[in-house]
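Peer 1: give the three-dimensional model of this entry:
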Amino acid sequence: MVEIKGAVSRRTMLGAMALSATATAVPPTAEAAPQVRPDLLYVGTWNGGQVYGVRFDPVQGTLTSIGSVAQVSSGWVTAHPDRPVLYVGSQLDGGIVTVLDIDRTTGALTQTGETSTDGGGTAGGGLSYLGVDRSSDTLLVANFEAGLAVSLPIRGNGTLGTPVSVVADTGSGPSPRQSGPHPHEVVVAPGRRHALVPDFGADRVFVHGFDGTTGALSSGEGGPGAYATDAGAGPRRLVFHPDGRKAYLLTELTAELQLLDWDGRSGELTRRQSLAIDSPGFTGTKSGAELAISRDGRFVYASSRGENTLVVYAVERRTGLLTLQQRIPSGGLKPWSFTVHPSGRWLFVANEASSTVDVFAVDLRSGLLTGTGNSLAIPNPDCITVCAR
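Peer 2: Below is the predicted model:
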C-alpha cells in the first residue's frame, strides 16, 4: 500500500487512473513505430500513353498504387533531383518532353509545358533517356529515333527552354536495327568537360565536349575520342565509377558488360574487361537492358531482358575488375529497366512484358539482392523514377 500525503482532487485521481490503464494496456517493451512519409514513384509505360503513380514505404518495402496520374506518351520518366517536377519523354514524332508539377501530398501531376527536342520537326521521337545535370540545371535527352543528343535548359519553375545544343552523330552497324545512329543515353563525365553518348545504332560511345555552365554539348562527329565497340554490340548504358577513372558499359545486342579506363584529359576510353551478363548455357536472344553502380563503387548491377535476370558484380577496389556475385530472376518478364532507391537499400524493377513492378532488397555490405515478394501490377512498365522528398 502506497501512502498518499495531502489532499488529492477527484479530477487528479481520475487522470491518474486513466494513465495507469493506458500504461497497463501497452507491453513494457513496445515502442511507437516511426512515422516515415512514403516516397513517390512514377512509372512510365511502353506504348501505353500513361504515367502511373506509386507510394513506396521505405521501411517495409511495400508499394501502394495511386493509379494513372497523367495521360501522356511516356517512353522515359525522370524526376528533378531537387524540385517537385517530373519530365516525361514521349515516343511521338518531334521528340516531345512534357513537364509536370508534382503534388507531393497526393501524387497528382499537373502539366506545365512541353518542348520538342528536334526543333518541332516530324522526325521520329522515341526518347530513350532523360537525365538532369544538377550543376548546370540542364535536361539531357537521347532521342533514339531521330539520332540526336539534346540539352535543354531548366528554368527556375522547372519548365524547359529551347535546346541549347542538338548534336547529330553518324554511323551504323550490321544489325537491321542499326541502320543509323540511335543514341541511348547522355552521361556527363567526371570533371564536367565531356559528355558521353552510348549509341546503339553506330556501335560507338561518342565523346563530346560539355559546357558545365550552360549544359551545351559540342557538335562534331565523334568528339574528342569516340570509343568503338565490336560490330553489332549495340551500346546502351554507361556509368562511371566514383573514382572518376573507370566506366562500365552495357551493350544491348550482345549483352556484354565492359570495364573501360577513362582519360579525362584526352576524352578517351580503353577497354580492359568484357563479360557476358547471361549464363553460359543461355541460347535465347540477348538483350542487355539497364545498368547501375552502388554509390560506394563496390558493386555493379545489370539486367538482362533476354534471360529475365538481374546480375550483381563485385568491383575489385584497386583495378575495378568485375567478379560475378549473383544472378537472380527479375521477378517477371523483360526487366526493361530498374532504379535504385536513394537509400541504396531497395531496387525497383520494371518488368515490362509481365506488367509488374517488383521490389528487391539490397544488402549494403554484400551487394546481394533478395526478392521481397512485393509487386504491383502496372501495364507494360518501362521506367521508374523516385521523386525527391
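
Peer 1: not counting residues beside it along the chain, what's closest to the spatially most central residue of the chain?
Peer 2: The chain has residue 339 as the residue nearest its centroid, 4.4 Å off, counting by C-alpha atoms, centre = their mean. In this structure, residue 339 finds its nearest non-sequential neighbour in residue 384, 4.4 Å apart by C-beta to C-beta, 6 or more residues apart in numbering. The way it works is simple: take the backbone N, C-alpha and C, and place the C-beta from them, glycine included.

Peer 1: three-state assignment of the one you found?
Peer 2: Here residue 384 is strand, with the state taken from DSSP: H, G, I helix; E, B strand; the rest coil.

Peer 1: number the chain from 814, please
Peer 2: Shifting the count to begin at 814 puts that one at residue 1197.

Peer 1: what residue ranges in the protein score low on pLDDT?
Peer 2: Under the criterion pLDDT under 70, the flagged ranges of the chain are 814-848, 932-938, 1033-1037.

Peer 1: that one: helices as residue ranges?
Peer 2: 823-838 (DSSP state H).

Peer 1: coming back round to it: what's the separation between the residue nearest to the centre of the chain and residue 884?
Peer 2: 23 Å (C-beta to C-beta, to the nearest Å).

Peer 1: check residue 873 too.
Peer 2: Relative to residue 884, and taking C-beta to C-beta, residue 873 is found at 31 Å.

Peer 1: which ones are touching residue 931?
Peer 2: Counting by C-beta atoms under 8 Å, 6 or more residues apart in numbering, residue 931 makes contact with 907-908, 938, 956, 959, 961, 963, 979.

Peer 1: which one of those is nearest residue 859?
Peer 2: Nearest to residue 859 among these is residue 938, at 14.5 Å by C-beta to C-beta.

Peer 1: can you spell out which residues form a bridge with residue 1062?
Peer 2: Under DSSP bridges, the beta-bridge partners of residue 1062 are residue 1051, residue 1071.

Peer 1: hmm, residue 1013 and it touching each other?
Peer 2: No. Residue 1062 is beyond contact range of residue 1013, at 11.8 Å (criterion: C-beta atoms under 8 Å).

Peer 1: need the overlap of contacts for these two.
Peer 2: residue 1048.

Peer 1: what about the closest residue to residue 1015 other than its chain neighbours, neighbour count?
Peer 2: Nearest residue to residue 1015, sequence neighbours excluded (C-beta to C-beta, 6+ apart): residue 984, at 2.7 Å. Burial of residue 984 is recorded as 19 neighbouring residues (other C-beta atoms under 10 Å).

Peer 1: next, give phi and psi for residue 984.
Peer 2: phi 140, psi 170 (degrees, to the nearest 10).

Peer 1: gap between it and residue 918?
Peer 2: Taking C-beta to C-beta, one finds residue 984 at 47 Å from residue 918.

Peer 1: cool, residue 1059 as well?
Peer 2: Taken as C-beta to C-beta, the span from residue 1059 to residue 918 is 42 Å.

Peer 1: re earlier: which residues touch the residue nearest to the centre of the chain?
Peer 2: 1105, 1160-1161, 1163, 1196-1199 are the contacts of residue 1152 under C-beta under 8 Å, 6+ apart.

Peer 1: please pick the buried ones from these.
Peer 2: 1105, 1160-1161, 1163, 1196-1199 (16 or more other C-beta atoms under 10 Å).

Peer 1: can I get the residues you listed in JSON lines including distance to residue 853?
Peer 2: Below are those laid out as JSON lines (distance: C-beta to C-beta, whole Å):
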{"residue": "1105", "distance to residue 853": "20"}
{"residue": "1160", "distance to residue 853": "17"}
{"residue": "1161", "distance to residue 853": "12"}
{"residue": "1163", "distance to residue 853": "16"}
{"residue": "1196", "distance to residue 853": "15"}
{"residue": "1197", "distance to residue 853": "11"}
{"residue": "1198", "distance to residue 853": "9"}
{"residue": "1199", "distance to residue 853": "7"}
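
Peer 1: count the residues that sit near residue 1026.
Peer 2: Neighbour number of residue 1026 under other C-beta under 10 Å is 10.
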